[in-house]
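Student: What follows is a predicted structure for the sequence shown.
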Amino acid sequence: MTMLQQRFPHGEPIETRRLLHEIGSEPVDGPLTLGDPRVVDFLVALAKRLLSPAVARRHPELGSLGFFLRRTELDRAIAGVSEESSRVLRFPRGTVFHVPPANVDTIFVYSWALSALAGNANVVRISSRSAGAADAVLDALNTTLETAHPAIAQTQRMVTYGRDDAVTAELSLGCDLRVIWGGDGSVTDIRRHPLRPWARDLTFPDRSSFAVLSAKSWQAATPQRKREVAIGLYNDSYWFDQAACSSPRTLYWVGDPGPAAAAQRELFELLSAVIDEKAHQVDAAMAVQKRVSTYGLAVEGAAKRVTFSGNAIATVELADPGLIPRRWLGVGTFPQARVDSLAELVRIVERRDQTVSHFGFTAEELTGFARAVAGRGVDRFVPIGDALSFASVWDGYDLLREFSKLTTVQA
Amino acid sequence: MTESPSIFAKLYAEREQDLLKELTELTAHHRQASPEYRRILEATGHEPGRSYNSVADLPWLPVRLFKHHALKSIPDDEVFKVLTSSGTTGAEVSRIYLDKEAAGVQQRMLAATMKTVIGPKRLPMLIADTKALFKNRSSFSARGAGVLGMMNFGREHVFILDEQEQPDIEAVRAFLAKHGGEPFLIFGFTFMAWLYLYELAKAEKFDLSNGLLIHSGGWKKLADQAVDNAEFRRRFAQDTGLSRIHNFYGMVEQIGTTFLEGPSGDGLYCPEFADVVVRDPQTWEEAPVGVAGVVEVVSTLPRSYPGHVLLTEDLGVVHGVDDGDWPGKRFSILGRLPRAEARGCSDTFQAVRG
């Protein structure tokens, strides 16, 4: 019998069955509800800890997490799912089993926090490879627990176990909702384990993202604004080695050839300066990876031109806008193509496309593009610089709604 | 080398001129014969007819490209042999396409290289490996292929390990009783030679002083035993009498090209049809002598696939030029580049499961 290592709350190794029993029992002061004050208070206290200078300095990505968990943000999220009619009641789903990816340090916290906010009991599988920011979050969680209501420790658990299908199977059979992050392969793999008849999966498979930039707006932008865009692109692309689903890879320039080429040159000069300022180093192994992937694009006929500016930036001129590579190419690799209008991109969008980062378009233009795509792909439009900011609507799902269910009352 | 004209004879200045001319010609050949290669040259700004001032200026391909793409300069119906190599991950395999001529050339040049140290005659041969390598043809490994290739240079082969992979002390004792008094050949992968041959010979007080050891494969598996090349040579000589030792370096992507260690162990040397360029990992310019970087291997042998200028994922350093046992560049391999690993939301759970 494999024992689960308890990472939060810290505790003795525990059997899966006992864990499921404990979190399924009614806590002191009654079952958790949607927007339960016991949970809100805990999350707010956690946010304060994550936003403390000591933590934020070491792990800047935890700053964004802390921001996400502030009281005003949580209240807004709860208000967003409140039913106007008193005859529609929203309740937690029950027990939620989360399987986050091993190497995005913080996504498990967003997934868990929203599910807890919905009032669920949660089991989160933490990778044994967790490190850095993930460990810092676990520390913060455990410290915050000291002042928390006992219902938190009873119903919210984060555990680590090895390569044990039996545990995954048991947790799958014990939950009402299973949340699988981390790619097509892991989704398929976890789905081998059946759920109870009423339970279901919420899956976050492989996605890829691109950016659109208006050449005309670029020409009109102030030097300050241009620099902000370069910094935004840097943050979106280099923080997670451009491997996050929402990191833009291909950049589409919308406009006439002359201005587009000039804008492109200028953006990459600015990006290069940002990289120098941040002293961002791209090592030899990554530089080789970028050669392998970009030369590969040339072999396939997708790349017309491949250019390297140091190890940090590789640009690829696509032979056709439709030849967008959706696989990871290595950090700081930017395929580019020019189109006359956003409308030209409608045909290239696929289900796999997640985020469109944008610069220089009006809300009407973006909405028009979204309507033309009509949900075949792209779940999210954000300004360049916000690609990595997590939102409670993700991959097209309003997570608080997914984590809860409705009871209707007809008198 | 009185037996055969050495292919390690020319001074560097002399060989670079020849190499540059032949490699430039080969670049043009592959450009014409391989559309995939031509697209890489076009995308990276290497126009047709461009002249190059040095071997280091020639366009290089990252060796891993052969794991992802079929790159060949011969029509499908002339493919005589497809060589494969498993990478360290096992999942990725290089595919190297040879026509009949290329297959012949690579064997001849390997033989010419080895005969530089072995001599023209086949010698009795000890193999620091197990016969079990050949038992299961379906799992025939790169190690098996390497051993089989080297067996051509010996006769009356004896394996140091039996089919259960246990040291076969009696077989080795019998081999030495029969052949130990005359020159004999030993081949093995570096870690096998150390873990089995050295330990066995030391324990049994075997006299290997008439042996000639040829080994390859790198030091990584011996790192925890703190054995490097110098220590390897010193202890073999001290504890077994074996002092004729030649390490070599080569890869399936440049099959037939073997960089061979000089007699004194002062570095690896390039046969005249090959060269190495050590590149600075930031600027990718050639690093000066004595400065470590990423190793590029060049060879005039690859004609059936565009593998004549390859950036490896090995780190190395050139110690000197025309200043050691043999003429030409003298270099060492220092280790491997780590594999670039991305954080992100791709199939990470799989990775955890291994």
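Tutor: Thanks, I have the structure now.
Student: Residue A:118: what's its closest spatial neighbour, skipping adjacent residues?
Tutor: Closest residue to residue A:118 apart from its sequence neighbours, by CB to CB, 6 or more residues apart in numbering or on different chains: residue A:403 at 3.7 Å. Glycine gets a C-beta too; all of them are placed from N, C-alpha and C.
Student: wait, isn't the one you found in contact with residue A:120?
Tutor: Yes. Under the criterion of CB atoms under 8 Å, residue A:403 makes contact with residue A:120 at 6.0 Å.
Student: anything in contact with each of the two?
Tutor: Listed as contacting both residue A:403 and residue A:120 by CB atoms under 8 Å, 6 or more residues apart in numbering or on different chains are A:92-93, A:96, A:177.
Student: Narrow the residues you listed to those that are buried.
Tutor: Neighbour-count burial (16 or more other CB atoms under 10 Å in any protein chain shown) is assigned, among the shared contacts of residue A:403 and residue A:120, to A:92-93, A:96, A:177.
Student: Need phi/psi at whichever residue of the stretch 101-250 of chain A sits closest to chain B.
Tutor: Residue of the stretch 101-250 of chain A nearest chain B, by CB to the nearest CB: residue A:243 (2.5 Å). Phi and psi for residue A:243, reported as degrees, to the nearest 10, are phi -100, psi -10.
Student: Count the residues that sit near it.
Tutor: Neighbour count for residue A:243, taken as other CB atoms under 10 Å in any protein chain shown: 22.
Student: mind listing what residue A:15 touches?
Tutor: For residue A:15, the contact set (CB under 8 Å, 6+ apart) comprises A:1, A:3-4.
Student: which of those residues tops the neighbour count?
Tutor: Among the contacts of residue A:15, residue A:4 has the most neighbours (other CB under 10 Å), with 23 neighbours.
Student: near chain B, which residues of the stretch 151-300 of chain A?
Tutor: Within the stretch 151-300 of chain A, the positions near chain B by CB under 8 Å from any CB of the partner chain are A:163, A:181-186, A:189-190, A:204, A:206-207, A:240-245, A:247, A:283-289, A:291-292, A:294-300.
Student: Number of residues surrounding residue A:25?
Tutor: A count of nearby residues for residue A:25, using other CB under 10 Å, gives 11.
Student: hang on, isn't it packed against residue A:121?
Tutor: No. Between residue A:25 and residue A:121 there is no contact under CB under 8 Å: 9.2 Å.
Student: three-state assignment of the residue of the stretch 151-300 of chain B found nearest chain A?
Tutor: Going by CB to the nearest CB, chain A is nearest to residue B:281 of the stretch 151-300 of chain B, at 3.3 Å. What DSSP: H, G, I helix; E, B strand; the rest coil gives for residue B:281 is coil.
Student: Now it: closest residue in space that isn't a chain neighbour?
Tutor: The shortest distance from residue B:281 to any non-neighbouring residue, by CB to CB, 6+ apart, is to residue A:284 (3.3 Å).
Student: Could you do residue A:107 as well?
Tutor: Residue A:107 sits nearest to residue A:100 (CB to CB, 6+ apart), 5.4 Å away.
Student: Can you give me the pLDDT of that neighbour?
Tutor: With respect to pLDDT, residue A:100 has a value of 88.
Student: Report the contact partners of it.
Tutor: Taking CB under 8 Å, 6+ apart as the criterion, residue A:100 is in contact with A:107-108, A:111, A:124-127, A:181-182.
Student: try 10 Å
Tutor: Residues counted as contacts of residue A:100 (CB atoms under 10 Å, 6 or more residues apart in numbering or on different chains) are A:106-112, A:124-127, A:130, A:134, A:158, A:179-182, A:186, A:204, B:345, B:348-349.
Student: With residue A:109 instead?
Tutor: Counting by CB under 10 Å, 6+ apart, the residues that residue A:109 touches are A:43, A:46, A:50, A:62, A:65, A:68-69, A:100, A:124, A:133-134, A:137-138, A:140-141, A:158, A:390.
Student: Of those, which belong to strands?
Tutor: Counting by DSSP state E, the contacts of residue A:109 place A:124, A:158 in strands.
Student: Counting only helices, which of the contacts of residue A:109 make the cut?
Tutor: Using DSSP state H, the members of the contacts of residue A:109 that fall in helices are A:43, A:46, A:50, A:62, A:65, A:68, A:133-134, A:137-138, A:140-141.
Student: quick one, phi/psi of residue A:21?
Tutor: Dihedral pair for residue A:21: phi -70, psi -50, per degrees, to the nearest 10.
Student: Show me the shaky parts of the chain.
Tutor: With no chain named, the answer covers chain A. Residues of chain A that meet the criterion pLDDT under 70 lie in A:103-105.
Student: please go with chain B instead
Tutor: B:1-5, B:86-91, B:136-142, B:341-354.
Student: and the longest helix for it?
Tutor: Longest helix in chain B, counting by DSSP H: helix B:12-33.
Student: Any residue of it touching chain A?
Tutor: No. Judged by CB under 10 Å from any CB of the partner chain, helix B:12-33 stays clear of chain A, getting no closer than 12.7 Å.
Student: now for that helix, which elements pack on it?
Tutor: When contacts are defined as 3 or more CB pairs under 10 Å, 6 or more residues apart in numbering or on different chains; DSSP states H and E, helix B:12-33 sits against helix B:35-43, strand B:274-279, strand B:293-299, strand B:309-321, strand B:329-336.
Student: If we use 7 Å, what do you get?
Tutor: In this structure, helix B:12-33 packs against helix B:35-43, with contacts taken as 3 or more CB pairs under 7 Å, 6 or more residues apart in numbering or on different chains; DSSP states H and E.
Student: residues of the helix it packs on that come out buried?
Tutor: For helix B:35-43, the neighbour count (16+ other CB under 10 Å) marks B:36-43 as buried.
Student: Near the residue nearest to residue A:2 when sequence neighbours are not counted, how many other residues are there?
Tutor: Closest residue to residue A:2 apart from its sequence neighbours, by CB to CB, 6+ apart: residue A:164 at 4.6 Å. Applying other CB under 10 Å, we find 12 residues neighbouring residue A:164.
Student: Could you measure from residue B:31 over to residue B:321?
Tutor: Applying CB to CB, to the nearest Å, the value for residue B:31 to residue B:321 is 30 Å.
Student: so who does residue B:230 touch?
Tutor: Residues in contact with residue B:230 (CB atoms under 7 Å, 6 or more residues apart in numbering or on different chains): none are found.
Student: I should have written residue B:157 there, sorry.
Tutor: Counted by CB under 7 Å, 6+ apart, residue B:157 has contacts B:125, B:127, B:151.
Student: ok, and the most crowded of those residues?
Tutor: Going by other CB under 10 Å, residue B:125 tops the contacts of residue B:157 with 25 neighbours.
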